[in-house]
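**Student:** A predicted structure for the sequence below; I have some questions about it.
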Amino acid sequence: MKDFDGFEFDQDYIQKLRIGDKDAETYFFAYFGALLHIRLRRFISSGQIDSVRDQILKRVLAAIRSGTGLDYPEHLTAFVIKVCSEVLREIHGPQTRSSSPLGRFIDKLSEADGKENVRARNLVRQVIHELSPKERQMLRAVLIDHRSTEEVCKSQNLSPESLRILLFRVKRKFLLRYKQKGPEGTA
């Protein structure tokens, strides 16, 4: 994913952050520091923004360096926002959460997000379960295990063109069933 400056958050960038590349870190702190400043000023006093922002960015860097929390480089921005929400929850604590506007907002957001995530995960599992074992195996190899086309073709005894067509059909089948069973579908 590219940011507003055209800088791409890819595996190479994440690797640079893991090894402590100064240019990558400088850009990381500048870019996400600005975004967090805008977000945080709605929830905490201006005197706390810098320390909270630094705490969030340090946690994100620590997670990246430990190899946990960030499965896909293109989700870096979402990961930073997730850590931001966690830190805000810690600051406002569960005992004062419902009494503050931020606390009520976080409670509502977490509750809605949690319910939607559970529904979506269950629906995905149900639709995947309805696919044939061969279709499930192919999706897993390509989308989850990130195996190369060559490797999948060899294991499935397919040509690259056949694999491309089969994957297209399986993805289309999955999406159609998902939409049919989803909240806006007729399920």
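**Tutor:** Yes, it's here. Numbering: from 1, shown residues only.
**Student:** tell me which residue lies farthest from the centre of the protein.
**Tutor:** No residue in the chain has its C-alpha farther from the mean C-alpha position than N157, which lies at 33.1 Å (C-alpha atoms, centre = their mean).
**Student:** now do it against L175, distance only.
**Tutor:** 26 Å (C-beta to C-beta, to the nearest Å). Just so you know, the C-beta spots here come from the backbone N, C-alpha and C atoms, and that holds for glycine as well.
**Student:** which of the helices and strands in the protein ranks last by mean pLDDT?
**Tutor:** Lowest on mean pLDDT, DSSP states H and E among the helices and strands of the chain sits helix 101-130, with a mean of 65.
**Student:** which is the next helix or strand following it?
**Tutor:** Following helix 101-130 in sequence order, the next helix or strand is helix 133-139 (DSSP states H and E).
**Student:** where does the residue nearest the centre of the chain land on pLDDT?
**Tutor:** Using C-alpha atoms, centre = their mean, the residue of the chain that lies closest to the mean C-alpha position is H75, 4.5 Å off. The model reports H75 with a pLDDT of 81.
**Student:** what of the one 4 residues further on?
**Tutor:** F79 is assigned 86 on the pLDDT scale.
**Student:** contacting residues for the nearest residue to P73 once chain neighbours are set aside?
**Tutor:** Excluding its sequence neighbours, the residue lying closest to P73 (C-beta to C-beta, 6 or more residues apart in numbering) is I14, at 4.7 Å. I14 is in contact with 64, 70, 73, 76, counting by C-beta atoms under 8 Å, 6 or more residues apart in numbering.
**Student:** what do you get for I128?
**Tutor:** I128 neighbours (C-beta under 8 Å, 6+ apart): 136, 139, 174.
**Student:** phi, psi of the residue farthest from the centre of the chain?
**Tutor:** phi 60, psi 50 (degrees, to the nearest 10).
**Student:** sec struct for D12, please.
**Tutor:** Secondary structure, DSSP: H, G, I helix; E, B strand; the rest coil: D12 is helix.
**Student:** residue ranges of the helices in the protein, please?
**Tutor:** For the chain, the helices defined by DSSP state H cover 11-19, 22-40, 46-66, 76-97, 101-130, 133-139, 149-156, 160-181.
**Student:** contact partners of stretch 57-74?
**Tutor:** So stretch 57-74 is contacted by 1, 9-11, 13-14, 17-18, 25, 28-29, 32-33, 36, 76, 79-80, 83, 87 (C-beta under 8 Å, 6+ apart).
**Student:** which of these are buried?
**Tutor:** 9, 13-14, 17, 28-29, 32, 36, 76, 79-80, 83, 87 (16 or more other C-beta atoms under 10 Å).
**Student:** which two of those have the greatest separation?
**Tutor:** Greatest spatial distance among those (C-beta to C-beta): Y13 and V87, at 22.8 Å.
**Student:** where in the chain is pLDDT low?
**Tutor:** In the predicted model, the chain carries pLDDT under 70 at residues 1-8, 69, 92-117, 143-144, 183-187.
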